[in-house]
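Student: Got a sequence here, can you model it:
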Amino acid sequence: MKPIGTTTATKKLRKMKARIRIAQGGTGASKTFSIILILIDLALTDKSPTLTSIVSESFPHLKRGAIRDFLLILQGLNLFEDKRWNKTDNFYDFDTGSRIEFFSVDQPDKVRGARRDRLFINEANNVSFDAFEQLEVRTKNFIFIDYNPVAEFWAFTEVPKRTDWEKIVLTYKDNEALSQDIIDSLEQRKNRKGWWKVYGLGELGEVEG
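Tutor: Prediction:
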């Protein structure tokens with residue numbers, strides 16, 4: 001396994017410069033992990049304090065996904081300090097004064113609350129367009145969104161009407177840290193065309209079943 005942060009997925013994501021940065025892709029592509037790694041790196045090197053919000057459909061979803069990845073990355077880099085992690089309000093404070101917080105879109109006061117510098121909407125296909133707009137308009141710098149393209153939603157129909165966005169498509173082949181066992185498991189599903197189009201190739205499709 002390569003060191004954290006050296007995958008092709010991470011390198012492609014780091015090159016994105018638009019305000020709205022869309023990471024579409026299949027399973028095992030390291031979309032979420034790579035975006036969180038980039039946000040941690042920015043928080044660690046900020047010249048002045050910033051606030052980053054990482055958001056998804058519900059808190060249980062955050063806990064088993066983005067929060068888990070966030071803590072794994074910090075621990076893997078030997079950067080985690082328990083005193084900096086607020087388990088009650090779900091935020092982490094860095095030496096730079098920057099903070100990364102986690103909340104779900106089923107908390108209306110949070111969605112329509114304070115402004116932030118950076119935003120990451122995880123699995124955005126499960127988040128409403130209204131929630132996206134409320135969050136986006138309160139974000140100063142840029143927004144990452146990621147999703148598996150199981151069906152068309154506002155990232156396909158509404159965001160393209162703007163001029164400040166870009167999109168990349170990632171697949172498991174962009175994640176050199178993926179184990180061979182997982183790769184073999186994924187590739188055994190190539191005969192399931194609907195599944196493979198979405199989760200293997202990272203393309204818009206309909207998943208059967």
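
Student: mind listing the helices for the chain?
Tutor: All helices of the chain, identified by DSSP state H, fall at 8-14, 31-45, 59-64, 66-76, 108-111, 129-136, 154-157, 180-187, 193-195.

Student: will you turn those helices into TSV that also has mean neighbour count?
Tutor: Every C-beta, even on glycine, is put in place using the N, C-alpha and C of the backbone. Output for those, formatted as TSV (neighbours: other CB atoms under 10 Å):
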stretch	mean neighbour count
helix 8-14	18
helix 31-45	21
helix 59-64	14
helix 66-76	17
helix 108-111	14
helix 129-136	17
helix 154-157	17
helix 180-187	12
helix 193-195	15
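
Student: tell me the contacts of the spatially most central residue of the chain?
Tutor: The residue lying closest to the centre of the chain (CA atoms, centre = their mean) is residue 32, at 3.7 Å. Residues near residue 32 by CB atoms under 8 Å, 6 or more residues apart in numbering: 65-66, 69, 122-123, 146.

Student: What distance do you get for it to residue 180?
Tutor: Separation of residue 32 from residue 180 (CB to CB, to the nearest Å) stands at 21 Å.

Student: do the same with residue 91
Tutor: Here residue 91 is placed at a distance of 37 Å from residue 180 (CB to CB).

Student: So which elements touch the lowest-mean-pLDDT helix or strand in the chain?
Tutor: Within the chain, no helix or strand scores below helix 108-111, which has a mean of 82 by mean pLDDT, DSSP states H and E. Secondary-structure packing of helix 108-111 (3 or more CB pairs under 8 Å, 6 or more residues apart in numbering; DSSP states H and E): helix 129-136.

Student: mind saving the C-alpha coords of the helix it packs on as PDB?
Tutor: Provided in PDB are the C-alpha atoms of helix 129-136 (Å, rounded to 0.1, in the frame of the first residue of the first chain):
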ATOM      1  CA  PHE A 129     -31.000  20.800  -4.000                       C
ATOM      2  CA  ASP A 130     -32.500  23.300  -1.400                       C
ATOM      3  CA  ALA A 131     -30.000  22.100   1.200                       C
ATOM      4  CA  PHE A 132     -27.100  22.400  -1.300                       C
ATOM      5  CA  GLU A 133     -28.200  26.000  -2.100                       C
ATOM      6  CA  GLN A 134     -28.500  27.000   1.500                       C
ATOM      7  CA  LEU A 135     -25.000  25.600   2.200                       C
ATOM      8  CA  GLU A 136     -23.400  26.900  -1.000                       C
END
